[in-house]
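1. here's a sequence, model it:
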Amino acid sequence: MEILTFLQYSFIQKAFFAGSFVAIVCSTLGLFLVLRKMSLIGDGLSHVSFGAIALGLFLGIYPFYVAIPVVMIASILILKISEKIKAYGDAAIGIISSLGIAGGVILASVSKGFNVDLFSYLFGNILAISITEVILSVALSFVVLTVIYFFYWDLFSATFDEEYAKTTGIKTNFINTLLTLLTAVTVVLSVKMVGIMLVSALLILPAVTALQFAKGFKTAMIMAGFVSLISVLLGISFSFLLDLPTGATIVMMNILFFSLALFYKKIT
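-> All right, here's what the predicted structure looks like:
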């Protein structure tokens, strides 16, 4: 009876609904990023989102309306800088993420009025999600998943053998740009759920958990989606029932599943 009462709260229903879509998007995209050794880009773009959200609050504009285009531009900059300084690996991510954090801190210091709002985005609170944010999350999730569906084989080919993909006529530069743009949108979607500091965990953990078991890519994608979805639903439930931070609880559920996967793999 208590569980039924818990599920009747409208804010829980909204959190479950939006969280489920974002969970699937993160796990799907995260698998491509992990296999391409690009998982750190999620962390870098989450830092940029801090500065972008601060800019939105500073200008008096709904933060996500500013964050989405700004983070998308940042993702392109990371790609372009990476092409220029290939020898320095992930330096481009560090450069752009540093810019985002520094910009956010400066804006926060000169406009003390929105500090509380800004820092609430650091750790997320999906239980406080508004109906506008639910609609935005679901709509953008559909867009990201639709793009992945139509470009699945190109993304798949570029992920496992980029040189071979080029020889088959796949425009790998376009695919790389597309992947970074999808990552940018997904990072912004995830901020409300787990916060800026924990976004990369939502992209990485379901994917690496699934890869402990899966024998094929599609199987890994399904398993990653399942792990991500269950982690989000359990994380929201436990955070409400035990009065814990929602974002951190979701991430801890992901870590629990990853730990169980490693343990199972070790004993079998």
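2. downstream neighbour of the helix or strand bottoming out on mean pLDDT in the chain in the secondary structure list?
-> Least confident helix or strand, the chain: helix 115-120 with a mean of 63, by mean pLDDT, DSSP states H and E. Using DSSP states H and E, the next helix or strand after helix 115-120 towards the C-terminus is helix 131-150.
3. I'd like the next helix or strand past that next one.
-> Next along from helix 131-150, by DSSP H and E: helix 152-160.
4. extract the C-alpha trace of that next one and format it as PDB.
-> Taking C-alpha atoms only, helix 152-160 is exported to PDB below (Å, rounded to 0.1, in the frame of the first residue of the first chain):
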ATOM      1  CA  TYR A 152      23.200   3.300 -36.700                       C
ATOM      2  CA  TRP A 153      25.300   1.500 -39.300                       C
ATOM      3  CA  ASP A 154      27.500   4.500 -39.900                       C
ATOM      4  CA  LEU A 155      28.100   5.000 -36.200                       C
ATOM      5  CA  PHE A 156      28.700   1.300 -35.800                       C
ATOM      6  CA  SER A 157      31.200   1.200 -38.600                       C
ATOM      7  CA  ALA A 158      33.100   4.300 -37.500                       C
ATOM      8  CA  THR A 159      33.200   3.000 -33.900                       C
ATOM      9  CA  PHE A 160      34.900  -0.300 -34.700                       C
END
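5. so the residue most central in space within the chain, which state does it fall into?
-> Using C-alpha atoms, centre = their mean, the residue of the chain that lies closest to the mean C-alpha position is Val187, 3.8 Å off. Here Val187 is recorded as helix under DSSP: H, G, I helix; E, B strand; the rest coil.
6. Met197 against Ile101, yeah?
-> No. Between Met197 and Ile101 there is no contact under C-beta atoms under 8 Å: 11.0 Å. Placement of C-beta: from N, CA and C, glycine included.
7. what residues do the two have in common as contacts?
-> Counting by C-beta atoms under 8 Å, 6 or more residues apart in numbering, no residue touches both Met197 and Ile101.
8. before we move on, the earlier item: what's near enough to touch the residue nearest to the centre of the chain?
-> Val187 neighbours (C-beta under 8 Å, 6+ apart): Gly42, Leu45, Ser46, Ser49, Val71, Val199, Leu203.
9. gap between it and Ala139?
-> As defined by C-beta to C-beta, to the nearest Å, Val187 lies at a distance of 16 Å from Ala139.
10. what residues of the helix or strand that contains Val105 count as buried?
-> Here Val105, judged by DSSP H and E, is contained in helix 91-110. Neighbour counts over helix 91-110 (16 or more other C-beta atoms under 10 Å) mark Ala92, Ile93, Gly94, Ile95, Ile96, Ser97, Gly100, Ile101, Gly103, Gly104, Leu107, Ala108 as buried.
11. same question for stretch 54-68.
-> Ala54, Leu55, Gly56, Leu57, Phe58, Pro63, Phe64, Val66, Ala67, Ile68.
12. mind checking pLDDT for the third one?
-> You'll see Gly56 listed with a pLDDT of 85.
13. in three-state terms, label it for me.
-> Gly56 ends up helix, using three-state DSSP.
14. so it versus Ser20, what's the distance?
-> 26 Å.
15. ditto for the last one
-> Taking C-beta to C-beta as the criterion, Ile68 is separated from Ser20 by 20 Å.
16. try the first one
-> Ala54 is 29 Å from Ser20, where distance means C-beta to C-beta.
17. cool, Gly94 as well?
-> 33 Å.
18. Ser10 now?
-> 16 Å.
19. thinking again about what came up before, could I get the buried residues of helix 91-110 as a markdown table with distance to Ala214?
-> Formatted as a markdown table, those follow (distance: C-beta to C-beta, whole Å):
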| residue | distance to Ala214 |
| --- | --- |
| Ala92 | 30 |
| Ile93 | 27 |
| Gly94 | 31 |
| Ile95 | 34 |
| Ile96 | 32 |
| Ser97 | 30 |
| Gly100 | 34 |
| Ile101 | 35 |
| Gly103 | 39 |
| Gly104 | 37 |
| Leu107 | 43 |
| Ala108 | 42 |
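20. just those residues now: which is nearest Tyr164?
-> Set against Tyr164, the nearest of those by C-beta to C-beta is Ala92 (25.0 Å).
21. thought that closest one was touching Ala74?
-> No. The criterion here is C-beta under 8 Å, and Ala92 misses it with Ala74 at 10.3 Å.
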